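Novice: Pasted the sequence and its predicted model underneath.
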Amino acid sequence: MEYKNYNMTPPPYYGRSVSVTQTNSILKRVYVRMFIGLLVSAFCALGVASSPAALNLFFGNKILMWGIPIAMFAMAWIMPARMMKMSTAAVFGLFVLFSAMMGVWIAPIFLVYKLGTIVYTFFITAGTFGAMSVYGYFTKSDLSRMGTYLIMALIGLIIAMIVNIFLKSSTMEWIISIVGVLLFVGLTAWDTQQVKRMAAGNYEPELADKFATMGAMNLYLDFINLFLFMLRIFGGGNND
């Protein structure tokens, strides 16, 4: 599911900053929740992939097959828009639900790619994501302008992917995969810097907690999309 709503991370807050301890506490929540989301997705994907009945239920039914991505897309836009009116538990609960739905949606990768390929691609993704997240955290450069260009590039990438659904060009798919990796490498650094700025804002505890969940969702989507694009590149053979 290669889409992302980049309005989820709040704009930089330039008011009075909180202490370093409080900032690190919020950042810890962001990464812990991102990790929880990845675990939920992994367990759901494995569970569905290992059950013929579940695969038939979710992918043998056109309503569910198309309903899941549509529901995720809607959630990605509705959650930040309605965040202020929801409780912190509700925001986190929706993130977990979103992660579960994503896991169901990507379950077929276990039928297409070898398990070893999925595992080493995951570790390559983790290393790449970690390196870019560290860069985004420590860089003194303002990545805001880069983020604007990356969002425009993302829109172009989505259009290219839709077009290739009809063209079915393997060459175009290869190019899309390479561009997708480069794009989400950059977005990982940008989102990390945005999350860091958010964590340094002087927000009310409840609002800060909601922003932490939204930040986790942004980084979670960066990781998932980076992983899926890398899997297309490194996947090679399938399970046949």
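Specialist: Right, received. Where do you want to start?

Novice: Surely residue 59 is in contact with residue 108?
Specialist: Yes: using C-beta atoms under 8 Å, residue 59 is in contact with residue 108, at 7.0 Å. Every residue, glycine included, has its C-beta placed from N, CA and C.

Novice: what residues do these two have in common as contacts?
Specialist: Common contacts of residue 59 and residue 108 (C-beta atoms under 8 Å, 6 or more residues apart in numbering): none found.

Novice: And the helices in the protein?
Specialist: 20-49, 52-59, 62-82, 88-106, 109-112, 115-138, 144-167, 170-199, 205-234 (DSSP state H).

Novice: Please name every helix or strand in contact with the fifth one.
Specialist: Packed against helix 109-112 by the contact rule (3 or more C-beta pairs under 8 Å, 6 or more residues apart in numbering; DSSP states H and E) you find helix 20-49.

Novice: and if you look at the first one?
Specialist: On a contact count with 3+ C-beta pairs under 8 Å, 6+ apart, helix 20-49 meets helix 52-59, helix 88-106, helix 109-112, helix 170-199, helix 205-234.

Novice: Between helix 115-138 and that helix, find me the angle.
Specialist: 160 degrees (axes from the mean of the first three to the mean of the last three C-alpha atoms, to 10 degrees).

Novice: Distance from the chain centre to helix 20-49, please.
Specialist: 11 Å (C-alpha atoms, centre = their mean, to the nearest Å).

Novice: Quick one: mean pLDDT for it?
Specialist: For helix 20-49, mean pLDDT rounds to 94.

Novice: can I assume residue 176 is in contact with residue 158?
Specialist: No: if you go by C-beta under 8 Å, residue 176 and residue 158 don't touch, sitting 9.9 Å apart.

Novice: before we move on, back to that, can you say which of the helices and strands packed on helix 20-49 is packed in most?
Specialist: Ranked by mean neighbour count under mean count of other C-beta atoms under 10 Å, the helices and strands packed on helix 20-49 are led by helix 205-234, which reaches a mean of 22.
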